[in-house]
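Novice: Quick one, structure for this:
(one chain, ligands or ions: 1)
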Amino acid sequence: MSTALVRSIALVLLLLAFTAAAQTQAQVAVPLPTQIPGQNAILMGAAWYPEQWPESRWEEDLRLMEAADLKVVRIAEFAWSTMEPSEGHYDFDWLERAINLAGRHHIVSVLGTPTATPPAWLTQRYPETLRVEPDGRRVTHGNRAHASSSSPRYREFCRRIAEQMAIRFGHNPNVVGWQIDNEYGYALMSYDEPTRQQFQDWLKEKYKTIGNLNAHWATAYWSQTYDNWQEIPIPIGGHNPGLMLEWKNFTTYVWTSYQQNQIDAIRKHADSRQFTTGNFMGFFDGFDHYTISQSLTFASWDDYVGTGHVDPAYNGLAHDLTRGFKRQNFWVMETQPGAVNWSKLNNFLNRGEARAMAWQAIGHGADDVNYWQWRSPLNGQEEIHGVLVGPDGTPVPFYDEASQAAHEFAKVESAFRDTQPLSQVALLYSYDSHWAIQFQKHTEKYDDVALLKSYYRALRQISQSVDVVSAYAPLDSYKLVVAPSLNVLPKELADHLLEYVRNGGHLVLGPRTGLKDEFNALLPQRQPGYLFDALAARVEQYYALEKDVPLYGPWGNGEASIWAEQLKSTAPDDEVLLKYGKSNGWLDDQPAAITRAFGKGRITYVGAVLDDELMEGAAAWMTQQSGVTPVFGPVPDGVEVSRRVSPGKRVFVLINYGTERRHVALPHAMKLVLDGKLADTVDLPPYGVAVALDDGK
Ligand code: GLA
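Specialist: Modelled structure (predicted):
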């Protein structure tokens with residue numbers, strides 16, 4: 001073989017290896033569906049309601065938006081009575097003029113389908129479309145979310161309006177996508193007879209025979225045995241746990257098919273470049289968000305603080321939760337321009353806080369942040385909500401802060417092109433486990449989301465990037481997977497987790513793991529159920545705690561609160577990591593945390609709710625044991641760092657949430673793109689933000 005040929009082969013192999021490494025590093029399938037071709041990689045916008053104002057005003061609104069560098073309007077999601085003033089008579093001319101005028105100001109539109117607000121002619125002529133409350137009362141017209149999502153007649157009206165909008169705007173170049181409905185699900189379900197029948201049919205489809213259902217729900221208990229499907233009630237209040245979990249699953253099915261009805265109508269007429277999304281509500285738990293997100297192009301959420309100030313850990317966790325719904329970037333479809341109107345105390349965020357929040361969203365994988373809402377409406381339920389423009393049509397002080405953030409987005413957007421967060425650590429969050437725990441908390445203090453947050457805070461501090469994903473998500477790319485509350489753990493899921501461990505992963509389980517099957521029935525073995533063989537340890541007994549219990553071991557000394565499980569090791573290669581001190585007698589000197597090597601990996605069980613300091617010790621051990629490295633390096637207290645990557649590029653967002661100025665040393669010289677300079681340190685005032693680009697150039 002000639003030297004030249006050998007060299008070329010070596011070069012090709014090198015290139016292939018480089019490409020493979022780059023792909024593994026970023027796992028990015030470019031382009032990201034959240035970044036709109038031809039538009040900036042990161043965008044800022046607002047919810048705009050032209051239907052509430054004379055057309056002569058629109059130009060000024062859009063001029064102000066353009067001057068602020070707002071690039072997106074979310075529009076029309078409550079405008080049904082203007083778009084279809086009477087049954088079957090549509091008027092979209094005004095909307096087309098508004099969208100096209102926005103386009104002339106370089107602002108793209110996201111169209112909301114208006115199905116959270118059916119018009120009066122609809123609900124009065126077809127009262128069966130109005131939702132029935134659990135107490136049997138049919139809601140009245142005049143608020144929103146007043147329709148029944150399971151009503152076939154209502155769905156037909158939803159299909160028609162969505163279809164008519166898509167016929168008109170599905171090819172409009174200024175329309176980049178669709179938001180289905182608005183924050184669906186918060187009014188949950190209609191408790192009417194037709195919905196009950198649908199629930200019964202859905203159960204029949206799933207269980208096939210009534211005997212099968214009776215067996216899974218163990219209905220001999222309290223004479224709950226059903227002779228036929230028609231006897232099955234909608235659970236209101238306490239009920240059989242199997243029935244309660246299935247009602248939640250049915251709720252997911254109802255909202256997913258409600259959404260699909262509109263997506264189908266839109267997709268028939270819309271260009272494929274137009275996305276579909278839904279604006280979710282963080283930890284709202286009405287339905288399974290992994291399931292409902294499947295048929296959306298990407299997930300979005302509405303990020304509100306309400307009373308008080310942003311808790312960076314909780315807000316970061318909610319971003320990461322939303323990113324996990326489809327395991328890709330997302331949008332913040334709404335966020336508060338200073339204050340809301342619906343909280344106990346509608347205080348204003350401090351100056352600079354909302355800008356920090358906007359940047360936090362970007363750091364965690366948002367590609368768009370929109371303020372709700374642009375201008376105060378002159379009447380209506382939200383007259384005195386935060387805005388960018390007052391009722392007089394001129395900017396309020398907050399407009400300047402939003403403009404600052406939007407100008408910054410526009411200035412540095414190219415640094416974020418094709419980038420997304422990449423984590424070595426995953427937290428598993430499952431709706432069925434969450435619901436199962438909620439139904440039977442055993443102590444009112446038990447809060448699985450608070451426990452998730454406690455793990456998140458400690459693990460993120462060390463690793464500086466954490467994914468939150470479904471327990472069924474692919475796990476191979478993670479060095480460490482932590483399931484703080486996997487209460488519902490059927491065999492199939494246990495096999496999935498065991499495969500991860502066998503292949504070299506480190507799986508950490510929290511209290512209440514592996515107690516239930518998918519029917520919310522107790523597994524006929526002790527916790528952690530099907531994971532027992534791998535751990536070679538089990539939960540002897542769980543205790544709801546009246547008061548804190550001491551803990552000691554290699555992670556440090558501290559306290560268990562709320563919940564404690566007495567573990568028992570059954571193999572010599574089990575290692576006890578924590579023990580309980582003196583408490584109720586049962587727990588005294590018993591194991592609280594155990595770890596064991598299994599396959600090429602490791603499984604660890606932590607049976608107690610740990611205090612913050614001990615959690616830090618636990619997180620240090622977990623990350624060290626799993627070879628997790630921080631994505632950036634040490635940062636001072638109160639500074640949050642996030643990283644987004646694409647092949648050959650890393651971009652860091654640094655935010656100082658502390659009250660003091662902070663000095664951050666960068667791991668090496670990087671471009672501080674907001675200031676346009678190369679540096680190896682950065683000074684951050686309170687709420688200060690820096691964006692550091694490392695692209696090897
Ligand atoms: C929600 C809704 C908006 C608006 C805001 C007010 O997020 O989607 O329509 O009501 O709350 O904070």
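Novice: Can you tell me the SS state at Leu531?
Specialist: The three-state label given to Leu531 by DSSP: H, G, I helix; E, B strand; the rest coil is helix.
Novice: Count the residues that sit near it.
Specialist: 26 (other CB atoms under 10 Å). (C-beta placed from N, C-alpha, C; glycine too.)
Novice: That one touches Arg596, doesn't it?
Specialist: No: look at Leu531 against Arg596 with CB atoms under 8 Å: they stay out of range, at 10.6 Å.
Novice: and the next element down the chain from the helix or strand bottoming out on mean pLDDT in the chain?
Specialist: The helix or strand of the chain with the lowest confidence, counting by mean pLDDT, DSSP states H and E, is helix 3-26 at a mean of 38. Downstream of helix 3-26, the next assigned helix or strand under DSSP states H and E is strand 43-48.
Novice: For the nearest residue to Ile210 once chain neighbours are set aside, the count of nearby residues, please.
Specialist: Leaving aside its chain neighbours, Ile210 sits nearest to Tyr226 (5.6 Å; criterion: CB to CB, 6 or more residues apart in numbering). Residues contacting Tyr226 under the criterion other CB under 10 Å number 18.
Novice: from the middle of its chain, how far away would the longest helix anywhere in the chain be?
Specialist: Scanning the chain for the helix with the most residues, using DSSP state H, yields helix 241-267. In terms of CA atoms, centre = their mean, to the nearest Å, the centre of helix 241-267 is set 18 Å apart from its chain centre.
Novice: How about stretch 195-206?
Specialist: Taking mean C-alpha positions (CA atoms, centre = their mean), stretch 195-206 and its chain are 29 Å apart.
Novice: Mind listing residues that contact it?
Specialist: Contacts of stretch 195-206 with the rest of the structure, by CB atoms under 8 Å, 6 or more residues apart in numbering, involve 132, 148, 150, 189, 213, 229-230, 232-234, 246-247, 250, 253-254.
Novice: just those now: which is nearest Arg650?
Specialist: Tyr253 (41.0 Å; CB to CB).
Novice: what about that closest one, distance to the ligand?
Specialist: 23 Å (CB to the nearest ligand atom, to the nearest Å).
Novice: Quick one: mean pLDDT over the helix or strand encompassing Arg63.
Specialist: Assigned by DSSP H and E, Arg63 falls within helix 55-67. Helix 55-67 shows a mean pLDDT of 98.
Novice: okay, and the common contacts of Leu531 and Arg596?
Specialist: Residues touching both Leu531 and Arg596 (CB under 8 Å, 6+ apart) are Ile603.
Novice: how deep is the residue of the stretch 151-300 of the chain found nearest the ligand tucked in, by neighbour count?
Specialist: The ligand sits closest to Glu183 of the stretch 151-300 of the chain, with a gap of 4.5 Å, by CB to the nearest ligand atom. A total of 20 residues lie near Glu183 under the criterion other CB under 10 Å.
Novice: sorry, back to before: report the distance from the helix holding Arg63 to the chain centre.
Specialist: On CA atoms, centre = their mean, the centre of helix 55-67 falls 33 Å from the chain's centre.
Novice: For the next helix-or-strand element following it, which helices and strands make contact with it?
Specialist: Note on helix 55-67: by DSSP H and E, the next helix or strand toward the C-terminus is strand 72-75. On a contact count with 3 or more CB pairs under 8 Å, 6 or more residues apart in numbering; DSSP states H and E, strand 72-75 meets strand 43-48, helix 93-104, strand 108-112, strand 366-371.
Novice: The stretch 351-500 of the chain against the ligand: which residues are in contact?
Specialist: 372, 382, 385 (CB under 6 Å from any ligand atom).
Novice: from those, which would you call buried?
Specialist: 372, 385 (16 or more other CB atoms under 10 Å).
Novice: Quick one: the residues of the stretch 351-500 of the chain next to the ligand as CSV, columns for pLDDT too.
Specialist: Formatted as CSV, these follow (pLDDT from 0 to 100):
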residue, pLDDT
Trp372, 98
Glu382, 95
His385, 97
